[in-house]
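Student: below is the structure, and that's it, no one-letter string:
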């Protein structure tokens, strides 16, 4: 073999060795990045869990004074705002927080069906308002919005205003509903609600104590979170097969007897 051929083969082997070393280094960097990203994700999740855990035990109570129930409130301690006819054969009990994204998602998906069934007299809904997000993330938007909704109930406009609040829900961490002016502004979307009486009720926090009492009832009920949706006592929100169509079938079957 000529010296030239030997030099060529040696050079090729050296180039191959260099490429292998480069590949090993690249693989090592890639593994390091993957591990690093995983650690960041785990730490981020741990931090979120830590924040939630730290806030879960916070006392959300306020110096709200006596619990003044809104007009027409029913049930134990008058903590339920009813929508629909009393004689309906099915009752849907809903625990909601106006800052809760999952509550908004439920309302967006089920609202047309709920309206249809309540308007037909086949379903009665009992709304219970809580302030869970205030305790978890801080702020007062859940309380202020719930008080405003109770003020709307006094004016006979609860359902429409309830829907407006969820349709205009801010991001979960944005405490925009803490602003009474914003809540009064949104009342302009409900015909006949933006009145001096409504504005005074909102600004004075007339039903703050009632909202706190409702929230304490939620905590005592040992519910998993919001929304909690019970059809005649059965938690249907935890049923992964539940859809608006299935809910309608259940309610209409009960209505037929």
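Tutor: Great, that's in hand. These numbers were taken from a predicted model, which means no experiment stands behind them.
Student: all contacts plus neighbour counts: C-alpha atoms, from now on.
Tutor: Will do.
Student: mind listing the helices for the stretch 151-257 of the chain?
Tutor: 158-167, 180-187, 196-204, 208-220, 244-256 (DSSP state H, counting those that start in this stretch).
Student: format these as TSV; extra columns: mean pLDDT.
Tutor: Supplementary listing: the helices of the stretch 151-257 of the chain in TSV, determined by pLDDT from 0 to 100:
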stretch	mean pLDDT
helix 158-167	98
helix 180-187	98
helix 196-204	98
helix 208-220	97
helix 244-256	98
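Student: quick one: closest of those helices to residue 129.
Tutor: Minimum separation from residue 129 across these (C-alpha to C-alpha) falls at helix 208-220, 6.4 Å.
Student: what's the distance between residue 137 and residue 100?
Tutor: 11 Å (C-alpha to C-alpha, to the nearest Å).
Student: same question, residue 153
Tutor: Relative to residue 100, and taking C-alpha to C-alpha, residue 153 is found at 20 Å.
Student: pick the most deeply packed of the helices of the stretch 151-257 of the chain.
Tutor: helix 208-220 (a mean of 21; mean count of other C-alpha atoms under 10 Å).
Student: residue ranges in the stretch 51-200 of the chain under the pLDDT threshold?
Tutor: 51-64 (pLDDT under 70).
Student: for it, just list every one of the strands.
Tutor: Along the stretch 51-200 of the chain, counting by DSSP state E, counting those that start in this stretch, strands occupy 81-83, 90-96, 123-129.
Student: the shortest one pairs with which strands, parallel or anti?
Tutor: Read that as strand 81-83. Strand pairing for strand 81-83, using DSSP bridges, gives strand 123-129 (antiparallel).
Student: what does the partner strand rub up against?
Tutor: Under the contact criterion C-alpha atoms under 8 Å, 6 or more residues apart in numbering, strand 123-129 has outside partners 79-97, 114, 117-118, 146, 211, 214-215, 251.
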